Each structure stands twice: as structure tokens, then as C-alpha cells.
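> How does the following fold in three dimensions:
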Amino acid sequence: EDDMTMTLLVLLLTSLHLSRVFSSLPSGHGKSLGEHNDLKTPAAEEDYTKLTSQYFYERYVRTRTPVILRGLAKTFPAFNLWTDQYITENFGDLEVRLEAKTEKETHTPVGDAGLGRASFSEFFSRYKTDNMYCVSEVPEPMYKDLQLPAIMNCGSMKNSLVEMNLWINSGGAKSIIHKDAHNQLNCLLAGSKDWIFINNTYNDWIYQAEEIDGDQGGFSLVNPDNVNYVSFPLFAKVPWEYSTVHAGDCLYLPPRYYHRVKSTDRNFAVSFLFGTRSEFEMAGCDQTTEAAPLQTVPVQWKYPGSGMMSMGNSDPAGIRQWFIEMFLEMTEGDATDNVPMEDYVEFVLDDEGSIPYMKELFHDLLVEKKVLGDSEHVDRNLFDLVPEEVWRQLTVAQSYDPSNDPNNEYYHIGKHDVVNILKDATYYGAINKDKFVETYCKLGGSARVARELFSKLSSDGETVSWYDVRDKDELFDVFGQEHDRGDEEMHVRNQEVKQKAEEDLRRSMVDMKTEL
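Residues are numbered from 1 along each chain as shown. The predicted model follows:
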């Protein structure tokens with residue numbers, strides 16, 4: 001009886017303590033981003049017709065300040081041309097990358113070109129009813145309908161385009177709180193989007209998840225649909241900016257600037273990514289310039305409309321600078337020094353050692369292929385002599401993302417899962433192509449890959465038997481080849497970050513019980 005009384009007393013006191021804790025939380029606890037606190041200011045806006053490249057650079061790019069340029073996208077031919085019908089008729093066979101409408105959702109849509117990939121024709125026939133969002137590079141044939149805005153067409157900025165991205169959904173899409181590596185000019189051709197911006201000077205209050213590219217891109221552990229001040233108390237102090245971008249508007253977003261985006265209606269956007277730095281050579285750019293057809297502008301990474309994409313690849317100039325910084329770190333800042341090539345390569349590989357797949361790719365390029373040359377020593381001048389193509393190769397190794405691969409499906413579906421489901425389906429007799437495709441697609445795969453696999457397995461061209469599956473085991477080796485990017489370890493670390501505040505709360509409760 002005494003034990004029961006004590007238990008009830010502890011529960012009562014714990015309840016009172018929790019009530020006191022939650023009643024002391026900021027009023028925005030449990031609300032969505034935008035309602036979570038009152039520390040808001042509207043984002044800057046400018047009349048783009050009155051801006052010179054020099055002013056745009058000095059006022060916004062150099063200071064890393066977001067700005068809305070109302071009406072700028074209306075000057076693009078695509079603004080009037082790019083309807084669903086026009087794109088289907090003119091670019092219907094080109095392939096785009098697919099995601100779910102909610103960022104970081106585990107569901108990956110299946111299209112006619114595979115898992116996470118579809119032709120424009122397929123996409124536009126389904127995107128209004130399916131959980132499907134086009135997040136892709138702009139296929140190069142579509143460049144003819146776009147142009148580089150005048151404010152970017154001067155100085156070194158006009159030659160700094162890294163890639164062109166495309167965003168299409170039917171509404172209801174929303175992102176997490178995240179940041180991107182590049183400067184970008186995001187231009188909306190249809191619909192509207194609500195943006196919230198958070199300066200990365202508040203990084204310590206953001207509760208950033210650990211990611212491979214966390215020093216460049218990355219995301220916050222805070223759920224923007226339900227802000228939790230118990231788990232993330234410092235987030236209550238973060239000021240933010242906001243804006244609604246409408247069709248025809250462009251937004252300049254600095255690199256590594258946190259943001260959250262929501263759309264309620266059909267929207268269509270293109271994004272010009274132009275490097276990760278904030279310093280450009282802009283001499284002579286104080287006069288108004290003209291826009292340039294995008295086809296005439298150099299773009300570092302282009303996507304032809306099928307095959308491998310390069311979405312998210314770094315700027316080769318950036319990785320070159322990183323290799324120089326690694327050299328200077330070894331020489332303690334002495335640019336006139338030199339170091340043995342073997343020691344330098346080992347130093348670089350050790351820095352990448354926490355990411356197994358990247359270490360493997362770098363080892364192949366630096367040790368086996370000796371892309372930095374045959375010299376026994378490395379000095380500062382070497383990095384100026386290395387061809388541009390080498391920096392591109394190293395960039396691809398650093399930036400590799402399976403979702404850019406047209407065979408991305410093979411990374412996500414395990415060999416044993418495929419073999420087992422097909423053996424079960426053929427146990428009582430051979431199955432025809434339709435049944436085979438239906439069976440394989442239960443794993444979340446595409447009909448395209450199913451048909452290709454059927455043609456390789458079938459002995460008679462009409463059916464697949466249990467023996468076909470058993471005797472051609474090597475055909476399944478392509479499945480389950482996802483690279484080990486340390487995701488499990490990062491998940492554990494992120495959980496530790498996320499739980500830290502709750503542990504502090506529980507500790508305070510234990511202290512209270514001890515005092516009692």
C-alpha cells in the first residue's frame with residue numbers, strides 16, 4: 001500500500017512538473033513554421049528593370065541576401081509557351097527525375113522510364129492525380145525557350161552557371177527546412193509558392209541533421225509542420241523572412257541559406273544555379289545589359305534528356321579549390337612548399353575516409369589512374385596545370401548520387417527480394433510476361449525493368465519458370481548495389497541530436513524527484 005501511494009505521488013508530481021514545463025513553452029509550440037514565433041520580416045523586393053548587374057551583385061549576391069524580382073520570369077519565352085500540352089508535344093520523349101511531393105518521404109514514384117524517372121508524356125498524364133513531383137535537371141533541348149537574365153549576363157557571373165533545374169507539381173508539395181549549396185535564381189512560370197527564409201548565421205539554433213554534404217547543403221531536424229520546442233528549444237529564438245512568389249517572379253536565394261517552400265496550386269519553376277561562392281569579378285557591369293539566349297551561355301553540367309543526370313554535382317572550380325586548400329593545410333599555408341605526392345594523396349583520402357564509397361572512387365582516380373599526374377611531388381602550381389576534365393571527374397566522384405542514374409532502381413531493390421518473390425510466383429508453374437511484370441512491380445519496381453529482366457530470364461520468350469530463376473542467378477547480381485554512404489551511422493547521430501533536449505528535460509525531472 002505504501003508503494004502504491006508513493007507511485008501515485010510520483011506520477012502526480014511528474015504530471016505537475018510536465019504541466020509546468022509545457023505551460024512555460026513558447027506559444028508557437030506545436031504549430032507550423034510561420035506560426036511558430038513572431039520574429040518575422042518580409043523579404044526584400046526589387047524592380048528588376050532598374051537593376052544593373054553590378055548593383056544586384058553588390059547588394060544581394062555579395063551580402064548573401066534573398067530578394068524577390070517581381071515579373072522577371074515573364075521575359076522568358078517559356079513563360080507563355082510551357083503548358084502541359086506544349087511540353088508533351090515538343091519534348092514528350094525526354095525523361096525527368098521524380099520525387100514524392102513531400103521532401104524526404106521514403107516513397108519514390110515509378111514512371112515509364114523506371115523508378116524515380118518518367119518521360120514528360122507519362123508525367124503530365126499522371127501528376128495531377130498521383131503523388132508525383134518533377135525535380136529534375138532541365139533537358140538541354142528546352143534551353144531554347146529560356147534566357148539568362150540581364151542582371152546575370154555580365155562579368156564572371158555570366159560564365160558561372162553550374163546547372164539548370166526544373167520543378168513541376170500539381171500543388172500540395174512542401175519541403176523540409178533545408179539549405180542548398182549553390183547561388184540560385186529560382187523563377188516561377190506558373191502558380192505560386194510560399195517561402196520562409198532563415199539566415200545560416202543561426203545554424204547553431206537550427207538543429208541541422210548530419211549529411212555527407214552538410215558543410216554545403218543540409219536540412220534541419222525541426223518538423224516544419226509541427227515545431228517542437230521541447231526537442232528544439234533554441235529554435236524559438238530564430239528570426240525569419242517570408243514571401244509569396246507568384247507566376248512571373250524570380251527569387252535570388254544565396255548558398256547555404258535555410259528555407260522552406262510550400263505550394264498550394266499547380267506550379268512550374270526553373271532554377272539557375274551559379275556557383276557556391278559570393279565573390280565574382282564584375283568590373284564594367286554598372287550599365288544595363290541585355291538578356292542572353294540560354295543556348296548561347298556555358299553551363300557546367302548539362303542533361304541531354306536521357307541517361308545519367310548530374311543534378312547536385314558540385315562546381316569543378318570548387319573542388320579544385322578544395323584540393324588547393326588541402327595542400328595548404330599540409331604545408332601550413334606555405335604556397336611555395338612541396339610535398340610528396342604519395343603523402344598528399346594519403347592526406348586527401350584520410351579526409352574522405354568517413355565516406356567509404358567516396359574514398360573508393362577517389363582512390364581509383366588518384367592512385368590507380370593518377371589523374372594529378374606522374375610527378376613524385378605536389379606544389380601549388382600543379383593545380384593550375386591539371387586539365388578541366390580531371391576536376392570534372394573528381395567532382396563526379398565527390399557528388400555521385402544514385403538517383404541521377406537511369407538504373408537507380410537496381411540500387412533500391414535487393415537481389416534476394418527479387419529472387420524470392422519470383423521463385424514463389426513460379427513455384428507451381430511458369431508465368432507469362434504480364435504476370436511476371438505484375439509480380440516484380442510489387443517490390444516497388446517499374447514495368448520497364450521487369451520487361452528487360454523477363455527477356456533475359458525467359459528460355460522460350462513466352463514464359464519464365466522456377467528453373468529459369470534458379471539457373472540464371474547471375475542476372476540478379478545487379479540488384480541491391482546501393483553504395484554505403486554511412487546513412488545508418490548518420491541516422492544514429494541525428495537521433496542523438498534530436499534527443500538531447502528531451503534528455504535534459506528527463507534529467508531535470510529526476511533531479512526534482514531526488515529533491516522530493
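
> list the contacts for E163?
If you count contacts by CB atoms under 8 Å, 6 or more residues apart in numbering, E163 has them with E137, L273, V299, Q300, W301, K302, Y303, S310, M311, N313. For glycine as for every other residue, the C-beta is placed from the backbone atoms N, C-alpha and C.

> With L72 instead?
L72 neighbours (CB under 8 Å, 6+ apart): Y48, P149, C187, G248, D249, C250.

> mind redoing it with 10 Å?
Counting by CB atoms under 10 Å, 6 or more residues apart in numbering, L72 touches 46-49, 51, 79, 149-151, 185, 187-188, 248-252, 291.

> How about N186?
Counting by CB under 10 Å, 6+ apart, N186 has contacts 73, 165, 167, 180, 193, 195, 245, 249-253, 259, 261, 269-273.

> Equivalent analysis for N199, please.
Applying CB under 10 Å, 6+ apart, we find N199 in contact with R64, T65, P66, I206, V238, P239, W240, E241, P254, R256, Y257, Y258.

> Which single one of those is nearest to E368?
Of all the contacts of N199, R256 has the smallest distance to E368: 33.7 Å, by CB to CB.

> Backbone dihedrals for that closest one, both of them.
Backbone dihedrals for R256, given as degrees, to the nearest 10, come out at phi 60, psi 30.

> May I see the contacts of E163 arranged in a markdown table, with neighbour count as well?
Shown next, in a markdown table, are these (neighbours: other CB atoms under 10 Å):
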| residue | neighbour count |
| --- | --- |
| E137 | 24 |
| L273 | 28 |
| V299 | 22 |
| Q300 | 21 |
| W301 | 22 |
| K302 | 17 |
| Y303 | 26 |
| S310 | 20 |
| M311 | 20 |
| N313 | 23 |
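
> So which of these sit within strands?
E137, L273 (DSSP state E).

> picking up where we left off before, the contacts of N186, buried ones only, as a ChimeraX selection?
Of the contacts of N186, the buried ones go into a single ChimeraX selection, burial set by 16 or more other CB atoms under 10 Å:
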select :73,165,167,180,193,195,245,249,250,251,252,253,259,261,269,270,271,272,273
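
> follow-up on the earlier one: narrow the contacts of N199 to those that are buried.
Among the contacts of N199, those that count as buried by neighbour count (16+ other CB under 10 Å) are R64, T65, P66, I206, V238, W240, E241, P254, R256, Y257, Y258.

> Buried residues of stretch 30-48, list them for me.
L33, G34, H36, N37, A43, E46, Y48.

> Could you find the closest non-adjacent residue to the second one?
Meaning G34. Excluding the flanking residues, the one nearest G34 by CB to CB, 6 or more residues apart in numbering is I196, at 5.9 Å.

> ditto for the first one
Nearest-residue entry for L33: P224, 3.9 Å, with adjacent residues in sequence omitted and distances by CB to CB, 6+ apart.

> which residue is nearest the centroid of this structure?
In the chain, the centroid-proximal residue (CA atoms, centre = their mean) is G312; its distance is 6.5 Å.

> who touches that residue in this structure?
So G312 contacts 137, 162-163, 165, 180-182, 213, 216-217, 273, 301, 399-401, 403-404 (CB under 10 Å, 6+ apart).

> about what we covered before: wait, the residue nearest to L33 sits on D194?
No. Look at P224 against D194 with CB atoms under 10 Å: they stay out of range, at 11.3 Å.

> Among these two, which residue is more densely surrounded?
Legend: neighbour count by other CB atoms under 10 Å for P224 and D194, higher for P224 (19 against 15).

> how about the more buried one, phi and psi?
According to degrees, to the nearest 10, P224 has phi -70, psi -10.

> And it, how far from T102?
Noted for P224: a distance of 11 Å to T102, by CB to CB, to the nearest Å.

> what touches both of the two?
The contact sets of P224 and T102 overlap at K174, S175, I176 (CB under 10 Å, 6+ apart).

> In CSV: these, plus secondary structure and distance to K158.
Below are the shared contacts of P224 and T102 laid out as CSV (DSSP: H, G, I helix; E, B strand; the rest coil; distance: CB to CB, whole Å):
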residue, secondary structure, distance to K158
K174, strand, 33
S175, coil, 29
I176, coil, 33
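
> Output those residues as TSV; include the columns neighbour count, distance to K359 and pLDDT.
Below are those laid out as TSV (neighbours: other CB atoms under 10 Å; distance: CB to CB, whole Å; pLDDT from 0 to 100):
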residue	neighbour count	distance to K359	pLDDT
K174	19	35	91
S175	19	31	93
I176	20	28	94
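
> any idea which helix or strand comes after the host helix or strand of L189?
Per DSSP states H and E, L189 falls inside strand 184-190. With elements assigned by DSSP H and E, the helix or strand that comes after strand 184-190 is strand 192-198.

> re the thing from before, quick one: which of the contacts of N199 sit in strands?
Reading strands off the contacts of N199 with DSSP E, I get W240, E241, Y258.

> quick one: the strands in the stretch 1-150 of the chain?
For the stretch 1-150 of the chain, the strands defined by DSSP state E, counting those that start in this stretch cover 40-42, 44-46, 67-69, 95-99, 110-111, 114-115, 117-119, 133-137, 147-148.

> Each with direction, which strands does the fifth one pair with?
Okay, so that is strand 110-111. strand 114-115 (antiparallel) (DSSP bridges).

> returning to what we had before: export the strands of the stretch 1-150 of the chain to TSV and append columns for mean pLDDT and distance to Y427.
Formatted as TSV, the strands of the stretch 1-150 of the chain follow (pLDDT from 0 to 100; distance: least, CB to CB, whole Å):
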stretch	mean pLDDT	distance to Y427
strand 40-42	97	62
strand 44-46	97	66
strand 67-69	98	61
strand 95-99	96	34
strand 110-111	96	26
strand 114-115	94	26
strand 117-119	97	32
strand 133-137	96	39
strand 147-148	97	60
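
> Out of the ones you listed, flag the one nearest N228.
The nearest among those, by CB to CB, is strand 40-42 at 19.3 Å.

> Tell me the helices and strands packed up against the closest one.
Packing partners of strand 40-42 (3 or more CB pairs under 10 Å, 6 or more residues apart in numbering; DSSP states H and E): strand 240-246.

> wait, K423 sits on D471?
No. With contact defined as CB under 10 Å, K423 does not count as touching D471 (11.7 Å).

> Now G461: closest residue in space, sequence neighbours ignored.
S455 (7.9 Å).

> and if you look at F383?
The shortest distance from F383 to any non-neighbouring residue, by CB to CB, 6+ apart, is to I324 (5.2 Å).

> re earlier: and which of the ones in strands among the contacts of N199 is nearest to M132?
For the ones in strands among the contacts of N199, the nearest to M132 is Y258 (26.2 Å; CB to CB).

> Against Y252, how distant is that closest one?
Applying CB to CB, the value for Y258 to Y252 is 15 Å.

> Where does the prediction get shaky in the stretch 151-300 of the chain?
Where the stretch 151-300 of the chain drops to pLDDT under 70, the residues are 210-217.

> let's see 50
Scanning the stretch 151-300 of the chain with the threshold set as pLDDT under 50 gives 213-215.

> Would you enumerate the residues in contact with the closest residue to E163 other than its chain neighbours?
Closest residue to E163 apart from its sequence neighbours, by CB to CB, 6+ apart: W301 at 4.5 Å. W301 sits next to 137, 161-164, 273, 309-316, 392, 395-396, 399 when contact means CB under 10 Å, 6+ apart.

> So for W301, what's the pLDDT?
The model reports W301 with a pLDDT of 95.

> what's the answer for V378, then?
pLDDT recorded at V378 is 92.

> Can you list phi and psi of it for me?
Backbone torsions for V378, taken as degrees, to the nearest 10, come to phi -120, psi 130.

> where exactly do the helices run in the stretch 201-350 of the chain?
316-330, 341-351 (DSSP state H, counting those that start in this stretch).

> any chance of these in a markdown table, with mean neighbour count too?
Below are these laid out as a markdown table (neighbours: other CB under 10 Å):
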| stretch | mean neighbour count |
| --- | --- |
| helix 316-330 | 17 |
| helix 341-351 | 16 |
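
> about what we covered before: looking at the buried ones among the contacts of N199, which one is closest to T129?
The nearest member of the buried ones among the contacts of N199 to T129, counting by CB to CB, is Y258 at 32.2 Å.

> No further queries at this time; thank you.
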